[in-house]
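Q: For reference, the sequence and a predicted model appear below.
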Amino acid sequence: MSWWGKVIGGAFGFMLGGPLGALMGAALGHNFDKGMGGLSDSDFSPGAQERVQGAFFTATFSVMGYVAKADGQVTRDEIDIAKAIMTQLNLSPDMQKAAQRLFNEGKQEGFPLDDVLEQLRRECHRRETLLRMFIEIQLHAAYADGVMHPAERKVIERIGEVLHFTPHEVEHLETMVKAQRHTGRQAAGQPAGLSIQEAHAVLDIATSSSDAEVKKAYRRLMNQHHPDKLVSKGLPEEMMELAKEKTQEIRSAYEIIKKSRGMK
């Protein structure tokens with residue numbers, strides 16, 4: 001049974017428990033605040049992938065609501081980008097309703113951000129590739145209206161801290177999100193192609209890096225964002241399109257650098 005099937009079947013709360021189980025329970029009108037708790041870090045047993053997928057989905061949309069409310073108000077742009085992500089993920093009607101309710105849960109006073117993030121980190125078993133994707137999605141929410149409000153930045157910094165990412169790592173993820181926004185504007189007919197400096201920033205390397213270092217960085221990032229690998233580690237299959245977009249951004253930056261250097 002898929003992770004969503006277990007949610008509908010009422011088993012998700014017992015599978016997950018904790019604040020994430022409670023959030024999904026609130027979204028569906030069930031009492032999931034008690035459960036088995038997290039699996040041990042060394043135990044990634046059969047069925048645990050579904051559990052990670054459910055945890056990722058629940059945390060993604062509830063924290064997105066928290067980020068949107070961070071500056072004191074939820075703008076139409078922030079609501080639109082949340083809906084756009086739901087549409088992009090091709091969620092079923094029931095899943096879209098759950099995502100919208102989770103978004104609203106995140107906007108409520110007293111939302112337990114740190115507890116939600118700590119449980120997400122445990123459930124992902126320190127799988128950094130999944131947690132990077134999570135942060136990137138929250139960055140998209142923060143930039144929904146074109147700028148990141150200081151209060152939103154503070155939340156993003158806190159997310160990175162609780163998930164054990166360095167400020168530099170979060171800054172690099174922000175660079176990738178900005179690159180995607182550039183690519184989106186270019187696709188809409190606006191002149192917003194990446195500069196050489198931006199392309200290097202996407203690969204997280206200096207402009208003085210050797211060709212070998214460029215190739216190494218490219219391969220490392222492509223490996224981190226490979227959709228099939230992310231799904232095998234617990235990314236909900238519905239979110240595979242987001243991972244594909246990331247690989248396109250990385251490939252685009254690499255091609256810009258290759259062309260500027262005459263690399264083969």
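A: Arrived safely.

Q: Give me the below-cutoff pLDDT ranges for the stretch 51-200 of the chain.
A: By pLDDT under 70, the weakly predicted segments of the stretch 51-200 of the chain are 88-89, 126, 182-193.

Q: how about the helices in it?
A: Under the criterion DSSP state H, counting those that start in this stretch, helices of the stretch 51-200 of the chain are mapped to 76-88, 93-106, 113-123, 128-142, 150-162, 167-187, 196-202.

Q: In TSV: these, plus mean neighbour count and distance to residue 53.
A: C-beta: built from backbone N, CA, C; applies to glycine. Formatted as TSV, the helices of the stretch 51-200 of the chain follow (neighbours: other C-beta atoms under 10 Å; distance: least, C-beta to C-beta, whole Å):
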stretch	mean neighbour count	distance to residue 53
helix 76-88	16	16
helix 93-106	19	12
helix 113-123	20	10
helix 128-142	22	10
helix 150-162	18	20
helix 167-187	17	21
helix 196-202	19	28
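
Q: from what I can see residue 100 touches residue 86, true?
A: Yes - counting by C-beta atoms under 8 Å, residue 100 does reach residue 86; the two are 7.4 Å apart.

Q: returning to what we had before: would you tell me which of the helices of the stretch 51-200 of the chain gets closest to residue 54?
A: Residue 54 lies closest, by C-beta to C-beta, to one member of the helices of the stretch 51-200 of the chain: helix 113-123, at 8.6 Å.

Q: Tell me which other helices or strands that closest one touches.
A: Applying 3 or more C-beta pairs under 8 Å, 6 or more residues apart in numbering; DSSP states H and E, one finds that helix 113-123 contacts helix 18-28, helix 48-69, helix 128-142, helix 150-162.

Q: could you give the angle of that helix to helix 93-106?
A: When axes from the mean of the first three to the mean of the last three C-alpha atoms, to 10 degrees is applied, the directions of helix 113-123 and helix 93-106 differ by 130 degrees.

Q: Touching helix 113-123 from outside, list them.
A: For helix 113-123, contacts defined as C-beta atoms under 8 Å, 6 or more residues apart in numbering pick out 16, 18-20, 23, 38-39, 41, 51-52, 55-56, 59, 62-63, 66, 131, 134, 155, 158-159, 162-164.

Q: Kindly report the same for stretch 250-264.
A: Here stretch 250-264 makes contact (C-beta under 8 Å, 6+ apart) with 176, 179, 183, 193-194, 196, 198-200, 202-203, 211, 214, 218, 221-222, 225.
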